[in-house]
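>>> Quick check, what structure comes out for this input:
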Amino acid sequence: MLKEELLVELLLKRDEGEGRRLLMQLLSSLPSPALARLVTWLKREADQRWHAEPRLSLRLAAYLLLIGECTGRRDYRGLGLLTRAEALRRLGRDEEALGDFDAAGEEFLACGDQRGWARTRCGRIAVCLQLGRFQEALKDAAAARAIFLRHGNWLRAGQMDANAAIVHYELGHYDQALALFERAIEAYRCHGEGVELPLARAYANKAIVLAALGHFREALRLHEQARATFAAYDGQELAVARQELNMAQIYAAQGHFSRALALFERSRTIFQRHALDLAAAEVTCETCYCLLRLNRAHEAAERAEEAAAFFRSVPGGRGQHHLALALMWQAQAALASQELQRAELLLAEARTLLEAGGLQVPAASLALLQAELFFASGRLEESLAAARLAAAAFSRQAALPQLARALLLQAQIAAQRGQESLAESLCSQALVLAGEQGLLELVYRCEDLGGQLAERRGELEKAAQAYARAIQGIEAIQERLVFDARASFLEDKRALYERAVRLALRRGDGAQALGYVELAKSRVLGDYVRNTVEIRLRLERSEGPEDEALLAELSRLREEQAWFSSLVYGTEQAVELSDTAIRRLRAVDPAYARQEMRRRERQIERLLERLRLPATGERRPSRSVGDRATDGWLERLAALQGSLEPRTVVLEYYLAGGDLYVFALAEGHLRWRRLPGALPELERLYALWRLNLDLAGQASSAPSEQAASELAELQENCLGLLQKLYHLLLDPVLSTLYACERLIVVPYGLLHYLPFHCLFDGVQFLVERVAVSYLPSLGLLEVCRRRGQRLRVVRRGLGQALVLGLSDRGRLPWAVAEAQSVAHLLGSPCYLDEEATTRRLLEEGPQAPLLHIAAHGLFRLDAPNFSFIQLADRQLSSIEVFNLDLACCSLVTLSACETGRVVLGGVDEVMGLGRGFLYAGAASLLPTLWKVDDARSAELMRLFYEGLLAGRSKVVALAEAQRSFLARARSSADSSCYAHPYFWAGFQLIGDPGPLLLRERAESLGPEPVEQGAL
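Numbering: from 1, shown residues only. Predicted coordinates for the structure are as follows:
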């Protein structure tokens, strides 16, 4: 090793004071060639450490400056100033860096070194870009390029062209930027070999401009090409991250929101790992677009606020441009949440910052955002003026995606003002642009508006076709989303589906109307159960170190979430914690614990989105048009009607506006009824019914004599309410129910919370004459039924059933007795209390034909994915249930409180514990709608399983168990209060209603019982 290299190593190991003293001792003894080599080595080390260790680079610059001062060499001093400027730039000290770049240039010019001066312009241009001094940057680039060309340095000349192109891009001069990037690429090629990395950067930057012009396909190709080049070189992790960031922006614009979010998160993680806080904050802003499109406005607001706070803290005005963008995202989130005044204040601050910087593209985007704010406020004239201003700017810049958005807004304004011809023209222009650029979200919005305009003119066929295309556009976006992003994305699409349903019924096409209802409701669950979406985590198979790190992070977050959850919900005694740990838990402020729990839950959901997405570059196969959910509906409906068993009726409900719609399928026919204005009465009756139910639950825990009196009064009131609900919901289709023995109900909206089987006709409950089961959507009927037929078992196979019972430390004494009773009937093992673990469920669940869990459950209204059943070792949350393997399970019984409760997301997406078990493979599910009485539940379960083992179908076994329970309650003066639905109607059968046992084996046990569906 040369002694100069050794000296540099020594300098790296010592602090600056010691290094300066060492240099002072040695400089006089170094000959000129050795001194030149030392300077070269110091400069090289500093250049290599700019990104990762800018402060060390700053120290090396000080050594170079010392050498320049001691030797009187102005060229060495120039190198020292240049090195210090680059380090200061990386540290965000732009004003100081600018001074050093200028000083370095003067030193080189004093030496007659024009190339040295030109080299200082590279970093100076970057600083000018940050400080908004664009004309200076362009002047520097032109002068430096001329010098490099005179000396035949094509590589440096290309860099100047690339830098100038970036400035023009920031100014919105896209044509000039493209021309300069092309010239830079040509210069690199003239240089010859060793230009792979500069070429990749030029292609990547050119792709950014192409994306701004809406040429997404070509831009994505160039980014992927550049990413592959960077990935082939060591030390290019940051360059790879920037390409993935750019690709994420394109995916976001095209409606691939889940993939975009995953790439945003990955690039942000890499920037944070390299301490590039400014770049990480920029990515935080970028994610806001996807979050807003997915109707996660609160999360977008949090991220924009976080980024804005960071940019305000950046010294020297470097963050002003980014701060303006962060404020615009905050304003969009406020607009989405209807906080119009706050949005206006945020936009005013952003406008002040942008006007100071002179940036045209962000200024035009702000004008469009201002127009949208005015439109939401009903200020149409102001909205139109701002939209036209933005459209003119986008047109000059050829920013086609933004121009399409501005045209659509103008079309909406014209439609509001009754200018239908103008609205149609503007909408058509926006649709053409959006279609050419592949902007899926804009396409469906244009089609929706076009349908509304056609319907106003009475062109019903044209309107129907436009609505169909709009819904297909939504379907195309949903195909690219993962997990619950599909549900949140649909939340603001309800009006479109309502228009499509109403128009179909107006045209007399009930089948098509029902098809749109099906598309709008429980779509995520339907896709999961049909296995068109894979959401299980393949923990045994990762894509590489990154996935392993994500899985480790997921494990850590789950442990921390469970820790805080145990405090919030008082389950610390149910987990294995020391006394010291429990005392620490109780010392934590409950509000803080809840906040930390929710923060980790959001992080878990983000990680799951990333882990469930195919790897970068992997293409999820697109379904053909014939495979889309919107295609083939009429054929599927006809097949479904033909497959219904005799005396079986399907009722599907729909709520739109204030109206109630009922679709009835029976005997191969589809009928429908509309009940105008029925919703307010339904809401009133349901609220009173829930109040009655809650009071019954409270009364059941009172002393027996007091309880009997209170429950008798409540039951009388309850029957009156249930009779009114019966007339409202069933009278419109009563003729269809006359010969009905088995009823399948597909609820909608608040009807998911109502047990139809306890509706009262004035004489008896519905379940006393009809066996009732439920489905989240009609499309799941055939799937669940096929599962049930495939999973039927012989009686001796029930010995592999899995029965878990947990008394929750004595708080549920009947849960253990219930589990023991069920296990005895099934002839299967029974795992109680400390043996009733999630590990047992994971190990034995895949072989179990039946799963029964009697334990404590908790429904989380604030976070349904984290509703849970408390088992011995820990909570089993909804989000974990998806990863169970229950492919052999014909029935899951969840005899725990509120396991059937759901939150409705999207348009009518049911979110709760139940959907996880259906996705995990179960054919049917028996959960509870409210906090059930554990003693009465134990009795009801015994009756239910006796019926199942006698060969009855699941739905009939449940109906007969409830009838028997009612008969016993009515016949006993001591227990007549238990006839209140609170004690017996909480269980509802979801999914396959058919038998559990194989028919031929049931016959060998004796004569097959006749299923008496009606009394």
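
>>> After the host helix or strand of V662, which helix or strand is next?
Assigned by DSSP states H and E, V662 belongs to strand 659-666. Sequence-wise, the next helix or strand downstream of strand 659-666 (DSSP H and E) is strand 669-675.

>>> Adjacent strands (with direction) for that next one?
The strands beside strand 669-675 in its sheet (DSSP bridges) come out as strand 659-666 (antiparallel).

>>> residues of the partner strand that come out buried?
The neighbour-count check on strand 659-666 (16 or more other Cβ atoms under 10 Å) flags L660, Y661, V662, F663, A664, L665, A666 as buried. Bear in mind the C-beta positions are built from the backbone N, C-alpha and C, glycine included.

>>> quick check, nearest of those to L400?
Y661 (40.9 Å; Cβ to Cβ).

>>> Redo the buried residues of strand 659-666 as TSV? Include pLDDT and distance to A146.
Output for the buried residues of strand 659-666, formatted as TSV (pLDDT from 0 to 100; distance: Cβ to Cβ, whole Å):
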residue	pLDDT	distance to A146
L660	95	77
Y661	96	74
V662	96	79
F663	95	76
A664	94	82
L665	93	79
A666	90	85
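
>>> sorry, back to before: mind exporting the C-alpha coordinates of the strand holding V662 to CSV?
The C-alpha coordinates for strand 659-666 follow below in CSV (Å, rounded to 0.1, in the frame of the first residue of the first chain):
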residue,chain,number,x,y,z
ASP,A,659,-86.1,3.4,-0.3
LEU,A,660,-86.1,-0.3,0.5
TYR,A,661,-85.8,-2.9,-2.3
VAL,A,662,-86.6,-6.6,-2.0
PHE,A,663,-85.5,-9.2,-4.6
ALA,A,664,-87.1,-12.6,-4.2
LEU,A,665,-85.9,-15.8,-6.0
ALA,A,666,-88.2,-18.8,-5.8
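
>>> Name the surrounding residues that touch that strand.
501, 505, 510, 513-514, 517, 640-641, 644, 648-655, 670-679, 682, 728-729, 732-733, 736, 740 (Cβ atoms under 8 Å, 6 or more residues apart in numbering).

>>> so L129, which of the three states?
helix (DSSP: H, G, I helix; E, B strand; the rest coil).

>>> Run a quick neighbour tally on it.
By other Cβ atoms under 10 Å, the residues close to L129 number 19.

>>> That one contacts Y169, doesn't it?
No: under the criterion of Cβ atoms under 8 Å, L129 makes no contact with Y169, lying 10.0 Å away.

>>> Go ahead and build a ChimeraX selection from the buried members of the contacts of strand 659-666.
Entered in ChimeraX, the line below selects the buried ones among the contacts of strand 659-666, by 16+ other Cβ under 10 Å:
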select :501,505,510,513,514,517,640,641,644,648,649,650,651,652,653,654,655,670,672,675,678,679,682,728,729,732,733,736,740
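
>>> hmm, back to that, please compute how far the strand holding V662 lies from its chain's middle.
Here strand 659-666 is found 32 Å from its chain centre; the criterion is Cα atoms, centre = their mean, to the nearest Å.

>>> Apart from its chain neighbours, what residue comes closest to L832?
Sequence neighbours aside, G805 is the residue nearest to L832 in space, at 4.8 Å (criterion: Cβ to Cβ, 6 or more residues apart in numbering).

>>> how many neighbours does the one you found have?
Burial of G805 is recorded as 27 neighbouring residues (other Cβ under 10 Å).

>>> what's the distance between the nearest residue to D885 once chain neighbours are set aside and K954?
Once flanking residues are discounted, D885 sits nearest to P846: 4.3 Å by Cβ to Cβ, 6+ apart. Distance, P846 to K954, by Cβ to Cβ, to the nearest Å: 21 Å.

>>> what does L149 give?
Counting by Cβ to Cβ, the gap from L149 to K954 is 82 Å.

>>> of those two, who's got more company?
Legend: neighbour count by other Cβ under 10 Å for L149 and K954, higher for K954 (26 against 14).

>>> Off-centre distance for stretch 52-63?
On Cα atoms, centre = their mean, the centre of stretch 52-63 falls 42 Å from that of its chain.

>>> Next: stretch 594-611.
With Cα atoms, centre = their mean, you get 11 Å for stretch 594-611.

>>> again, but for stretch 28-43
Stretch 28-43 sits 57 Å away from the centroid of its parent chain (Cα atoms, centre = their mean).

>>> Lowest-scoring secondary structure element of this structure by mean pLDDT?
helix 999-1004 (a mean of 46; mean pLDDT, DSSP states H and E).

>>> Now R480: which helix or strand?
Following DSSP H and E, there is no helix or strand that holds R480.

>>> isn't it right up against L261?
No: R480 is not in contact with L261 according to Cβ under 8 Å; the separation is 11.2 Å.

>>> Between these two, which has more neighbouring residues?
Remark: of R480 and L261, L261 carries more neighbours, 27 against 20, as counted by other Cβ under 10 Å.

>>> quick one: the more buried one and T287 touch, right?
Yes: taking Cβ under 8 Å as the definition, L261 is a contact partner of T287 at 6.2 Å.

>>> which SS class is E95?
helix.

>>> Model confidence for A376, exactly?
You'll see A376 listed with a pLDDT of 90.

>>> For it, the count of nearby residues, please.
Neighbour count for A376, taken as other Cβ under 10 Å: 14.

>>> how much space is there between it and Q176?
Separation of A376 from Q176 (Cβ to Cβ): 36 Å.

>>> next one: D47
For D47, the distance to Q176 (Cβ to Cβ) stands at 30 Å.

>>> repeat for L426
Distance, L426 to Q176, using Cβ to Cβ: 29 Å.

>>> out of those two, which sits in the more crowded spot?
Neighbour count, other Cβ under 10 Å: between L426 and Q176, L426 has more, with 25 against 17.

>>> Please name the residues that touch G105.
With Cβ under 8 Å, 6+ apart as the criterion, the residues that contact G105 are G78, G116, W117, T120, R121, R124.

>>> quick one: pLDDT of it?
pLDDT at G105 comes out at 90.

>>> buried set for the strand or helix carrying it?
Using DSSP H and E, G105 maps to helix 94-110. With burial defined by 16+ other Cβ under 10 Å, the residues of helix 94-110 counted as buried are D94, E96, A97, L98, G99, D100, F101, A103, A104, G105, E107, F108.

>>> and A487, what pLDDT?
pLDDT recorded at A487 is 77.

>>> which SSE is it in?
Assigned by DSSP H and E, A487 belongs to helix 485-490.

>>> From the chain's centroid, how far away is that helix?
Taking Cα atoms, centre = their mean, one finds the center of helix 485-490 at 7 Å from the center of the full chain.

>>> what residues does it touch?
With Cβ under 8 Å, 6+ apart, helix 485-490 has contacts from 257-258, 293-296, 474, 477-478, 481, 520, 523-524, 527, 609, 905-907, 909, 911.
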